[in-house]
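S.K.: what's the 3D shape of this:
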Amino acid sequence: QVQLQESGPGLVKPSQTLSLTCTVSGGSLTTVYGYYSWIRQPPGKGVEWMGTIDYSGRSYYNPSLKSRTSVSRDTSKNQFTLQLSSVTPEATAMYYCARDLRIVPQQGSGDWGQGTQVTVSS
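M.R.: All right, here's what the predicted structure looks like:
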């Protein structure tokens with residue numbers, strides 16, 4: 001079973017870039033038909049898909065976040081990363097990484113990390 005673990009700073013200042021890393025174990029980022037995603041859930045709101053990188057290295061983004069979001073990977077470390085630029089307090093959320101067989105992961109399917117809380121505040 002694939003396991004995922006998010007890591008990164010829990011506090012980011014407004015206007016800065018939020019950077020998170022997901023370390024994958026029990027599977028390879030290059031395994032065919034694997035899609036590796038970032039999802040967030042603000043307090044009291046639903047989940048929001050942010051972006052995905054697939055087994056070939058191609059990236060896909062939520063149109064509403066595309067201009068500020070980047071998902072990349074380091075296959076030598078079996079890690080993929082999220083960068084969200086120009087954050088505001090509205091970016092405060094629990095951030096999850098996930099692996100699925102679809103570009104946009106669904107809750108209850110695939111493998112998800114435990115999540116990491118990120119707060120945007122000065």
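
S.K.: and for stretch 30-43, what's in contact with it?
M.R.: When contacts are defined by Cβ atoms under 8 Å, 6 or more residues apart in numbering, stretch 30-43 is touched by residues 20, 22, 24, 27-29, 47-56, 71, 73, 75, 80, 82, 90-105, 112, 115. Any C-beta I mention is one placed from the backbone N, CA and C, and that applies to glycine too.

S.K.: put the buried members of those into a ChimeraX selection.
M.R.: Entered in ChimeraX, the line below selects the buried ones among these, by 16 or more other Cβ atoms under 10 Å:
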select :20,22,24,27,29,47,49,50,51,52,53,54,71,73,80,82,91,92,93,94,95,96,97,98,99,100,105,112,115
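
S.K.: what's the local residue count around the closest residue in space to residue 56 that isn't next to it in sequence?
M.R.: Distances taken as Cβ to Cβ, 6 or more residues apart in numbering place residue 30 nearest to residue 56, at 8.0 Å, with adjacent residues excluded. Neighbourhood size, residue 30 [other Cβ atoms under 10 Å]: 13.

S.K.: measure residue 30 to residue 52 for me?
M.R.: Residue 30 sits at a distance of 15 Å from residue 52 (criterion: Cβ to Cβ, to the nearest Å).

S.K.: with residue 23 instead?
M.R.: In this structure, residue 23 and residue 52 are 17 Å apart, going by Cβ to Cβ.

S.K.: run through the bridge partners of the residue nearest the centre of the chain.
M.R.: Centroid-nearest residue in the chain: residue 38, 2.2 Å away (criterion: Cα atoms, centre = their mean). When assigned by DSSP bridges, residue 38 has beta-bridge partners residue 51, residue 97.

S.K.: now do residue 11
M.R.: The partner residues for residue 11, given DSSP bridges, come to residue 119.

S.K.: can you check the one 10 residues further on too?
M.R.: Beta-bridge partners of residue 21, counted by DSSP bridges, are residue 7, residue 81.

S.K.: tally of neighbours for it?
M.R.: Neighbours of residue 21 (other Cβ under 10 Å): 16.
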